[in-house]
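Peer 1: the amino acid sequence is not available; the structure is as follows:
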């Protein structure tokens with residue numbers, strides 16, 4: 001992605017991995033997005049009861065309505081690392097109007113405001129300063145990645161999508177997460193308590209625990225990341241655009 005031919009609005013999907021466990025055995029990083037809405041107590045309770053560390057990416061929208069869950073996370077600093085998911089859950093993308101149906105930031109100024117707004121909301125609600133940033137959709141324009149890094153934050157990708165935005169049924173989520181390999185960074189969601197996916201998240205992580213896999217937070221381990229290009233379909237030209245391009 002460092003090629004001179006790369007464009008600032010090229011879309012990338014960061015692929016993040018952690019250091020493998022080596023002689024100590026397999027390890028994975030569980031990352032959970034709290035986008036908006038409520039909190040899935042099935043997941044939060046299971047993490048606390050089983051002493052499973054996780055990195056939670058929270059938005060300003062989520063913090064405004066989940067003081068109780070945030071207090072639980074703050075009460076267990078040995079388990080929960082809180083990181084920035086933005087102020088309003090906006091994709092850090094220029095050059096495209098939407099991603100997965102979500103309106104993108106569109107401009108560098110809007111991206112900067114979304115990132116900084118998340119930072120400010122985290123400090124106000126939890127007294128925490130983040131080190132990592134993950135946007136909505138976990139896709140970025142290449143220029144946005146550079147901007148976020150210049151602001152002093154690491155962009156958080158993933159290597160295993162556990163629940164496809166909490167859209168999958170429990171059995172599928174359990175199977176995906178239980179199959180995690182040494183060094184994987186798992187992405188799932190903790191803000192959809194009415195979805196079947198949450199039950200699968202719990203079963204999947206307990207299956208890993210039973211297998212002897214260790215859970216680590218992003219702040220506690222070395223990481224490596226690549227920016228995988230996303231090949232987006234070209235927008236169809238309107239009849240007027242076709243006439244203009246042909247000189248008609």
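Peer 2: On my side now, so go ahead. Just so you know, these numbers come straight off a predicted model, no measurement behind them.
Peer 1: all strands for this protein, in order.
Peer 2: 11-18, 27-34, 54-58, 80-84, 98-99, 102-103, 132-133, 140-141, 154-155, 160-161, 185-189, 214-216, 223-229 (DSSP state E).
Peer 1: which elements pack onto the first one?
Peer 2: With contacts defined as 3 or more Cβ pairs under 8 Å, 6 or more residues apart in numbering; DSSP states H and E, the packing partners of strand 11-18 are strand 27-34, strand 140-141, helix 142-150, strand 185-189, strand 223-229. Just so you know, the C-beta spots here come from the backbone N, C-alpha and C atoms, and that holds for glycine as well.
Peer 1: which parts of it are buried?
Peer 2: Neighbour-count burial for strand 11-18 flags 11-12, 14, 16-18 (criterion: 16 or more other Cβ atoms under 10 Å).
Peer 1: likewise the third one?
Peer 2: Neighbour counts using 16+ other Cβ under 10 Å place 54-58 of strand 54-58 among the buried residues.
Peer 1: report the mean per-residue pLDDT for that strand.
Peer 2: On average, the pLDDT along strand 54-58 is 98.
Peer 1: nearest to residue 228, out of the buried residues of strand 11-18: which one, please.
Peer 2: residue 12 (6.3 Å; Cβ to Cβ).
Peer 1: thinking that closest one is in contact with residue 229, fair?
Peer 2: Yes. With contact defined as Cβ atoms under 8 Å, residue 12 counts as touching residue 229 (5.8 Å).
Peer 1: check contacts around the residue nearest to the spatial centre of the chain.
Peer 2: Centroid check for the chain by Cα atoms, centre = their mean gives residue 134 as the closest residue, at 4.6 Å. Residues in contact with residue 134 (Cβ atoms under 8 Å, 6 or more residues apart in numbering) are 31, 33, 57, 83-85, 155-157.
Peer 1: scan those residues and report the most crowded one.
Peer 2: residue 85 (32 neighbours; other Cβ atoms under 10 Å).
Peer 1: got a list of what that one touches?
Peer 2: Residue 85 touches 33-35, 57-59, 62, 118, 133-136, counting by Cβ under 8 Å, 6+ apart.
Peer 1: possible to save the contacts of residue 134 as a markdown table with distance to residue 221?
Peer 2: Listed next are the contacts of residue 134 as a markdown table, based on distance: Cβ to Cβ, whole Å:
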| residue | distance to residue 221 |
| --- | --- |
| 31 | 12 |
| 33 | 19 |
| 57 | 17 |
| 83 | 14 |
| 84 | 19 |
| 85 | 20 |
| 155 | 17 |
| 156 | 13 |
| 157 | 15 |
